[in-house]
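S.K.: Provided below for reference: sequence and predicted model.
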Amino acid sequence: MESPEQNTDYLDELNKIQRQAVTTINGPVMVIAGPGSGKTRVLTYRIAHIIKSGVPPWQVLALTFTNKAAKEMKERIEKVIGPSANKVWAGTFHSVFCKILRIEAPKIGYPNDFTIYDTDDCKSLVNEITKTMGLDPKVYINSVVRSRISAAKSNLISPKAYANNEDYMGLDTMNKRPMIHVIYEKYLNKCKKAGAMDFDDLLLHMFRLLHMNPDNVRAKYQEKFKYFLVDEFQDTNVLQYEILKLFTNGASSTRNVCIVGDDAQSIYSFRGATIDNILQFGKDYPQVKTFKLEQNYRSTKHIVAAANQVISNNANQIPKKIWTDLEEGNKIKLVRAMTDVEEGRRVASDIIEQKNRYNIPNTEIAILYRTNAQSRVFEEHLRRQNIPYRIYGGLSFYQRKEIKDVIAYLRLSTNSNDDEALKRVINYPKRGIGNSTVALLTKQADQDNTSMWDSIGLINFTARASKSMKLFYTIVSASKEKAQKQDAFEAASYIIKKSGIIEAYKAENTLESKGRIDNINALIDGIKEFTDSDEVALGEDENNLDRSLSSFLQTISLMTQADKESEDDDHITLLSVHAAKGLEYRSVFVVGLEENLFPSFMSMSSPQQLDEERRLFYVAITRAKELLTLSCANSRYQYGNLVENDSSRFLEEISEENLDSSAFSFKRKSFGKTPRKVSAGLGKARNKPTHIAEPENFVPSPIKDIEVGMRVLHKRFGPGKILSMDEKKKLATIKFESVNSPEKRILLQYARLQILD
DNA sequence: GTAGTCACTATTTGA
DNA sequence: TAGTGACTAC
């Protein structure tokens, strides 16, 4: 362990205000950190400084929003203080609370091995509840119900409080959904029975634990953690802030809490974040010392000036002025294209030009858009120009079907009450447990108010179902035992083998199924890595590593795709503005700057929402270090229609002197108009057809002429050969040439084929 | 169980 | 337009 008087060279790397923010380690501190102001540096050096001053690392709790931010922070602390850095409790809100709940869950009526329900599980659960309640799924729209429940949780409103809350009930009644509070109550109940928590619950139950304070557990953690840091505080919701207060505000707490944030970069109010927390912090911690980091080390003068101009149009902000010492740099370039296709083409050719002229590597270039759907045109042109690219967002590894299936088995083995996992795999691989049997099970469990697993023994199934059920029961029982006794890798290997999933895919024997098997093997490798690693989740005792399967499952539930991103690849990056927060690139393209797109048409109705769009634009342009290009199109295809929009009002908020004079100035007619629909259905030539057949030439042949061995054309699958057919000429087995799947069974009556030769 | 059809919908997204 | 979920008919 380092001695306190060790060198503090790192302080020399900080400016005066940064240094104050780093060295004022006692008492409440608020750091308002503009973009590029060295926020992460302050945060990490502050932690290093705390530890250098003699505080044991495990007394420091640092909370972030993304795993990536947490990881980066840890790595940077390690550079300053060495390997003891990994004793710091640094992680996302969810992962840290998950760790604590894993130890304390029994105090609030949950098992240690609780499962974490992901979004799909929640969807399925809400579906089941609305169905059994006989509610119309068109009225009780799944996503709406879930977001209402989530909002209630994030604002600490219980089902009972919900039912008595005029605002919530008023809105629900107005939308003809007065039963949401009942769904909410059932939802909580079902999760409890299943020993499951959704993402919001990790926060909610953390709150309940500290609030209800069984066995005086609050004192334990107030005793344990002496120094608190919260990153991106502007993105916290009410619940998160209340938890922070419970941690820091008690009698035995020293209230050494530092929050870091930027009200101008708050872009998540749509999911419950509230800037009020920043304002409230000053009231709750009146002795707070505030530091404003206003010097920007990232961007050149033109970019910083533009950012200031844009954000000054917002009402209500903490006053500050971002400035930079860096050079003037290039002016901001505007690209005005006629169509979205032209926009894509010009951005791609500009990228080539920049790479040549300024020698910018691909990894230092990013295209930022408001909606993910915009990425397609850019992909096409980048591909055409042979520029390698990668898109952020999309299906993560853990969301793939085969991985979810395997994980469902693993989940069931550590917590057999996990109904969602059970429903997923009870008949996968197929073992003859059909819908009616599952329905029977659901009903019984509902009646007895138990889990489906516990109901299995109580039902008189038909002979066939009973046999299948016994098989399933044996598999899971054996798996449960392994999960108890062995480490994650050993248990998982056994369970996966026992489940028969790999055999099922092997039997399919297609390219696709081979890929799925590869993915399952990759998962097994991942589990091996987890078991061998010494960075596994900390148990009760920091030196005692928890290598159990349930620990593994809880860890991966909180991971996302971005977490396993390989950074050394040579590619440019395409991502939404939201996803770009916290990142920086030498050259940034912000595209689609049109009214109704950016700002989004969804945000036109209220000034508050428009301000959030403006903050989003502010975040977008401040990602750029040297080169910033803003582009818009006169017309673009949206939902299959050609739509004309004025260029974005945000462009007019940037002064001419910061803009490239070679670009022509903008004349817009008026804001706030709905998009003009120009024409419909002209999009035919835009995208290459995904199928091979030419629809124009397609003439289906009469069924009677079709024979085994013929080469035929299918409208969607293209040419193929008929391998076999039943006598009545109803069903044909066809091998298509162009499709990666081997044989398809086609009903001739419906599918229509054209004989080719 | 599966292929095909129909109707519907359409920000942003972390864990 | 494109993707999805529900439904249907074998």
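M.R.: Perfect, thanks for sending it.
S.K.: Distance check, A:Gly282 against DNA strand C.
M.R.: 44 Å (CB to the nearest atom of the strand, to the nearest Å). Just so you know, the C-beta spots here come from the backbone N, C-alpha and C atoms, and that holds for glycine as well.
S.K.: Excluding chain neighbours, what is closest to that residue?
M.R.: Closest residue in space to A:Gly282, ignoring its immediate chain neighbours: A:Val288 at 5.5 Å, by CB to CB, 6 or more residues apart in numbering.
S.K.: burial measure for whichever residue of the stretch 501-650 of chain A sits closest to DNA strand C, as a count.
M.R.: Relative to DNA strand C, the nearest point of the stretch 501-650 of chain A is A:Gly640 (2.7 Å; CB to the nearest atom of the strand). Neighbourhood size, A:Gly640 [other CB atoms under 10 Å]: 10.
S.K.: With A:Cys632 as the reference, measure out to it.
M.R.: To A:Cys632, A:Gly640 is 21 Å away according to CB to CB, to the nearest Å.
S.K.: Would you mind pulling the contact partners of the helix or strand that contains A:Ala152?
M.R.: Take DSSP states H and E as the rule and A:Ala152 turns out to sit in helix A:142-154. The contact list for helix A:142-154 (CB atoms under 8 Å, 6 or more residues apart in numbering) reads A:122-123, A:126-127, A:130, A:158-159, A:162, A:168, A:172, A:175, A:177, A:180, A:183-184, A:187, A:200-201, A:203-204, A:237-239, A:271-272.
S.K.: looking only at pLDDT, what's the mean for it?
M.R.: Computed over helix A:142-154, the mean pLDDT rounds to 89.
S.K.: Helix or strand next in line after that helix, which one?
M.R.: Trace forward from helix A:142-154 with DSSP H and E and the next one is helix A:159-163.
S.K.: Buried residues, whatever helix or strand comes next after that next one. List them.
M.R.: Toward the C-terminal end, the helix or strand that comes next after helix A:159-163 (DSSP H and E) is helix A:166-174. Residues of helix A:166-174 classed as buried under the neighbour-count rule (16 or more other CB atoms under 10 Å) are A:Tyr168, A:Met169, A:Asp172.
S.K.: same question, stretch A:481-493
M.R.: A:Lys482, A:Ala483, A:Gln486, A:Asp487, A:Ala488, A:Phe489, A:Glu490, A:Ala491, A:Ala492.
S.K.: where exactly do the helices run in the stretch 151-300 of chain A?
M.R.: A:159-163, A:166-174, A:180-194, A:199-212, A:217-224, A:238-248, A:276-284 (DSSP state H, counting those that start in this stretch).
S.K.: same thing with the stretch 301-450 of chain A?
M.R.: Counting by DSSP H, counting those that start in this stretch, the helices of the stretch 301-450 of chain A are A:301-311, A:340-358, A:375-384, A:401-414, A:419-425, A:435-448.
S.K.: Of all the strand elements in chain A, which one is longest?
M.R.: What stands out as the longest strand in chain A, according to DSSP state E, is strand A:624-638.
S.K.: Any figure for the gap between the residue in the stretch 401-550 of chain A that DNA strand C sits nearest to and A:Lys423?
M.R.: Using CB to the nearest atom of the strand, the single residue of the stretch 401-550 of chain A nearest to DNA strand C is A:Asn435, 10.9 Å away. Remark: distance between A:Asn435 and A:Lys423 (CB to CB) = 11 Å.
S.K.: what does A:Thr450 give?
M.R.: 15 Å.
S.K.: same deal with A:Asn645?
M.R.: 45 Å.
S.K.: for A:Glu490, same thing?
M.R.: For A:Glu490 relative to A:Lys423 (CB to CB), the value is 27 Å.
S.K.: Just the buried residues of stretch A:125-134, please?
M.R.: A:Leu125, A:Val126, A:Glu128, A:Ile129, A:Thr130.
S.K.: Could you pull up the mean pLDDT of that stretch?
M.R.: Mean predicted lDDT for stretch A:125-134 stands at 83.
S.K.: That stretch near DNA strand B at all?
M.R.: No: contact of stretch A:125-134 with DNA strand B (CB under 7 Å from any atom of the strand) is absent, the minimum separation being 14.0 Å.
S.K.: Check whether that stretch comes near DNA strand C.
M.R.: Yes: Stretch A:125-134 reaches DNA strand C (CB under 7 Å from any atom of the strand) through A:Asn127.
S.K.: For the nearest residue to A:Ile81 once chain neighbours are set aside, what is the enclosing helix or strand?
M.R.: Spatial nearest neighbour of A:Ile81, excluding adjacent residues (CB to CB, 6+ apart): A:Ala48 at 5.0 Å. Using DSSP H and E, A:Ala48 sits in helix A:39-52.
S.K.: Could you do A:Leu713 as well?
M.R.: Going by DSSP H and E, A:Leu713 is part of strand A:711-714.
S.K.: helices and strands around that strand, which ones?
M.R.: Helices and strands touching strand A:711-714, by 3 or more CB pairs under 8 Å, 6 or more residues apart in numbering; DSSP states H and E, are strand A:718-725, strand A:731-736, strand A:753-755.
S.K.: pLDDT averaged over the longest one, what's the number?
M.R.: Averaging the model's pLDDT scores along strand A:718-725 yields 72.
S.K.: Briefly note if it comes near DNA strand B.
M.R.: No: against DNA strand B, strand A:718-725 shows no contacts by CB under 7 Å from any atom of the strand, the least distance being 11.0 Å.
S.K.: by contact count, what packs against that strand?
M.R.: Contact here means 3+ CB pairs under 8 Å, 6+ apart; on that basis strand A:718-725 packs against strand A:711-714, strand A:731-736.
S.K.: ok, that strand: who's next to it in the sheet?
M.R.: strand A:711-714 (antiparallel), strand A:731-736 (antiparallel) (DSSP bridges).
S.K.: can you tell me if that strand touches DNA strand C.
M.R.: No: against DNA strand C, strand A:718-725 shows no contacts by CB under 7 Å from any atom of the strand, the least distance being 13.5 Å.
S.K.: how far does that strand sit from the chain's center?
M.R.: Distance of strand A:718-725 from the chain centroid (CA atoms, centre = their mean, to the nearest Å) equals 43 Å.
S.K.: sorry, back to before: show me which of the buried residues of helix A:166-174 is closest to A:Leu471.
M.R.: Nearest to A:Leu471 out of the buried residues of helix A:166-174 is A:Asp172 (CB to CB; 44.7 Å).
S.K.: so what's that closest one up against?
M.R.: Contacts of A:Asp172 (CB under 8 Å, 6+ apart): A:Arg148, A:Pro178, A:Ile180, A:His181.
S.K.: burial measure for A:Leu279, as a count.
M.R.: Neighbour tally, A:Leu279, other CB under 10 Å: 12.
S.K.: Could you do the one 3 residues further on as well?
M.R.: For A:Gly282, the tally of surrounding residues (other CB under 10 Å) stands at 13.
S.K.: For A:Thr450 and A:Lys423, indicate the residue with more neighbours.
M.R.: For A:Thr450 versus A:Lys423, the count of surrounding residues by other CB under 10 Å is larger for A:Lys423: 19 against 15.
S.K.: from memory the more buried one sits against A:Trp453, does it?
M.R.: No: between A:Lys423 and A:Trp453 there is no contact under CB atoms under 8 Å: 10.8 Å.
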